[in-house]
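>>> any chance you could fold what I've pasted below:
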Amino acid sequence: MIFKTGKSYDGLTYKFNIKDNSIWICNSGHKLINILNNAKETGLYYNIARSTLSDYIKSGKLYKNKYYFYNSESYKNNKNGSWLSGKALSLGERSPMFDS
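Alright, predicted model coming up:
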C-alpha cells in the first residue's frame with residue numbers, strides 16, 4: 001500500500017494533504033473566541049448535535065443569539081471581512097481558558 005510504504009505507484013508520486021477540520025467559534029460581535037479541532041469536539045463542548053452544527057456552519061446564522069460557527073474554509077472566505085480585524089485570538093492561537 002502507498003500509505004505505509006511511501007513509494008510511488010505506477011511511476012507517479014502522490015502527495016497527501018491533511019484536511020483542516022477545525023471549527024472556529026465567534027461571539028455575536030464576530031470576535032473569535034475559540035477554535036476546536038473538529039465538529040465532534042465542538043458538539044460536545046457546546047452541547048450541539050453535529051447535524052445542527054453543520055447547518056449553522058453552512059448558513060452562517062447566529063446560534064442561540066450567542067455564537068457563530070465556521071469551518072476554516074467558511075471563516076477565511078467570509079465576505080464581510082471587517083470583523084476579522086477585531087478578533088480576540090490570533091490565527092492558530094488557543095486561549096488557555098478553553099484548553100481541557
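>>> please make it C-alpha for all contacts and neighbour counts, starting now.
Noted.
>>> low-confidence regions, this structure specifically.
1-9, 75-100 (pLDDT under 70).
>>> ranges for the strands of it?
23-27, 32-36, 67-71 (DSSP state E).
>>> go through the first one and flag the buried ones.
Same thing as strand 23-27. 23-27 (16 or more other Cα atoms under 10 Å).
>>> between that strand and strand 67-71, how many degrees?
160 degrees (axes from the mean of the first three to the mean of the last three Cα atoms, to 10 degrees).
>>> ok, back up a step: distance to residue 62 added to the buried residues of strand 23-27, as TSV?
Below are the buried residues of strand 23-27 laid out as TSV (distance: Cα to Cα, whole Å):
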residue	distance to residue 62
23	15
24	13
25	11
26	9
27	9
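>>> residue 10 is nearest to which of the strands of the chain?
The closest of these to residue 10 is strand 67-71. By Cα to Cα, the value is 35.5 Å.
>>> same for the closest one, what does it pack against?
strand 23-27, helix 50-59 (3 or more Cα pairs under 8 Å, 6 or more residues apart in numbering; DSSP states H and E).
>>> okay then, goodbye and thanks.
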